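Q: Have a look; sequence and predicted model below, questions after that.
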Amino acid sequence: KAGVTQTPRYLIKTRGQQVTLSCSPISGHRSVSWYQQTPGQGLQFLFEYFSETQRNKGNFPGRFSGRQFSNSRSEMNVSTLELGDSALYLCASSFMGAEAFFGQGTRLTVV
Amino acid sequence: DQQVKQNSPSLSVQEGRISILNCDYTNSMFDYFLWYKKYPAEGPTFLISISSIKDKNEDGRFTVFLNKSAKHLSLHIVPSQPGDSAVYFCAAIPGGGTSYGKLTFGQGTILTVHP
């Protein structure tokens, strides 16, 4: 069974640009969550989607948004990038939302 | 407000001995707890979980203990192996069902197992 796949693995963007990250969950998993990992803040929850609906949201500004498609694949978008958005962005999928299985992450660098 | 705390940034043990990683939480709404292992530049790998209705769960070399009254959980690894060297995170989920998928993580503990 294939794991959680995130693309791209690495990304370099300029301040002010926007970026879209993609996540393909494990087959059969309907819950997809996104997390940001930075050295200073650790692993922080961004949002969770279940059956194409945002079910939970963390404390991030509106520049961070996401969506989920009917095949459970999810995208996360960050607009008007800031230097502080440089981080490892992790996607996790789960069957019912408890044990979450993570992808390899997308390393975003904003310059 | 750090709702899940791992007060030991690092732990060093000898191969074959027991590793004990600790985690404290403050939110009494948490009712499901998980441990993850993480290598640099990779996603966390799920290790073991425990529901608040239990006080112990075992899976091979890994055992998680939960003390609800103390709001404390611990992960025991016996015997420890050099390949266990990684960052270990504890995470918690509130009850109610609708908060599934929203994990609150501790800051992590770096475990180093020496041969």
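A: The structure has been received and is ready for your questions.

Q: quick one: low-confidence ranges for chain A?
A: For chain A, the stretches flagged by pLDDT under 70 are A:1, A:97.

Q: Any residues of it in contact with chain B? List them.
A: By Cβ under 8 Å from any Cβ of the partner chain, the residues of chain A that approach chain B are A:4, A:6, A:31-33, A:35, A:42-45, A:48, A:50, A:55-56, A:58, A:88, A:90, A:92, A:94, A:96-105, A:107. The way it works is simple: take the backbone N, C-alpha and C, and place the C-beta from them, glycine included.

Q: Show only the entries of those found in strands.
A: Assigned to strands by DSSP state E, the following of the residues of chain A next to chain B qualify: A:6, A:31-33, A:35, A:42-45, A:48, A:50, A:55-56, A:88, A:90, A:92, A:94, A:101-102, A:107.

Q: OK, now which residue of chain B is nearest to chain A?
A: B:Y100 (2.5 Å; Cβ to the nearest Cβ).

Q: And for that residue, the neighbour number?
A: 24 (other Cβ atoms under 10 Å in any protein chain shown).

Q: Can you classify it as helix, strand or coil?
A: Following DSSP: H, G, I helix; E, B strand; the rest coil, the label given to B:Y100 is coil.

Q: got it, and A:F60?
A: coil.

Q: quick one: the nearest residue to it once chain neighbours are set aside from B:I53, how far?
A: Sequence neighbours aside, A:L46 is the residue nearest to A:F60 in space, at 5.5 Å (criterion: Cβ to Cβ, 6 or more residues apart in numbering or on different chains). A:L46 sits at a distance of 29 Å from B:I53 (criterion: Cβ to Cβ, to the nearest Å).

Q: near chain A, which residues of chain B show up?
A: Chain B comes close to chain A at residues B:32, B:34, B:36, B:41-46, B:49, B:89, B:93, B:98-108, as judged by Cβ under 8 Å from any Cβ.

Q: so of these, which ones are in strands?
A: B:Y32, B:L34, B:Y36, B:T45, B:F46, B:S49, B:F89, B:I93, B:T104, B:F105.

Q: and the fifth one, what does it touch?
A: Looking back up the chat, that one is B:F46. When contacts are counted by Cβ atoms under 8 Å, 6 or more residues apart in numbering or on different chains, B:F46 touches A:E99, A:A100, A:F101, A:F102, B:L34, B:Y36.

Q: again with the last one
A: By Cβ under 8 Å, 6+ apart, the residues touching B:F105 are A:Y35, A:G42, A:L43, A:Q44, B:V4, B:Y36, B:F89, B:C90, B:A91.

Q: how does it look with 6 Å?
A: Contacts for B:F105 (Cβ atoms under 6 Å, 6 or more residues apart in numbering or on different chains) come out as A:L43, B:F89, B:A91.

Q: Now the residue most central in space within chain A. Nearest residue, chain neighbours left out?
A: Nearest to the mean C-alpha position of chain A, counting by Cα atoms, centre = their mean, stands A:W34 at 3.5 Å. In this structure, A:W34 finds its nearest non-sequential neighbour in A:L46, 4.1 Å apart by Cβ to Cβ, 6+ apart.
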